[in-house]
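Peer 1: Show me the folded form of this:
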Amino acid sequence: MIDHISVGVSDLDRAAKFYEAALAALGLVRLVTRPRTVGFGKAYPEFWINLREGMPRVAPESGVHICLRAKTTAEIDAFHAAALSAGGASDGTPGLRPHDRVRYYAAFVTDPDGNRIEAVTFPQE
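Peer 2: Numbers count the residues shown, from 1 in each chain. Purely as a prediction, here's the structure:
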């Protein structure tokens, strides 16, 4: 249903380094680099970061987050660890999250600008 998404960042170089590290764990790589935007994906840019100079930090109470699909729980663990090593913050450690309708494994991080990014998979075990 969704073709691509983008988030605003206040420092394109810092954000590109963060996302290169975090998204690599999910199999996404930098595909496009332009003066004010960088696109990541597998076959085409699906996730974009766009420079917004003077942008204030995203408020934690905004409720907005972007969720990216992972193939395995190990990818999610690697995503979380890479994001923290690259300057992000944990907003929910990797783990199983059972709910009424679905059982899933996920981790949440915030990038250096406060954008909330989740990685999720649905283990069958």
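
Peer 1: When you work out contacts or count neighbours from here on, use the C-alpha atoms and nothing else.
Peer 2: Noted.

Peer 1: Quick one: the helices in this structure, in order.
Peer 2: 12-24, 73-85 (DSSP state H).

Peer 1: Quick one, which of these gets closest to Ile2.
Peer 2: helix 12-24 (18.0 Å; CA to CA).

Peer 1: For the closest one, give the mean pLDDT please.
Peer 2: The pLDDT scores in helix 12-24 average 98.

Peer 1: list the helices and strands it packs on?
Peer 2: strand 29-34, strand 37-41, strand 45-51, helix 73-85 (3 or more CA pairs under 8 Å, 6 or more residues apart in numbering; DSSP states H and E).

Peer 1: any chance of these in CSV, plus mean neighbour count?
Peer 2: Output for those, formatted as CSV (neighbours: other CA atoms under 10 Å):
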stretch, mean neighbour count
strand 29-34, 15
strand 37-41, 22
strand 45-51, 20
helix 73-85, 21
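
Peer 1: between these, which one is nearest to Ser10?
Peer 2: The nearest among these, by CA to CA, is strand 45-51 at 5.8 Å.

Peer 1: For that closest one, which strands pair with it and how are they oriented?
Peer 2: strand 5-9 (parallel), strand 37-41 (antiparallel) (DSSP bridges).

Peer 1: Many thanks, have a good one.
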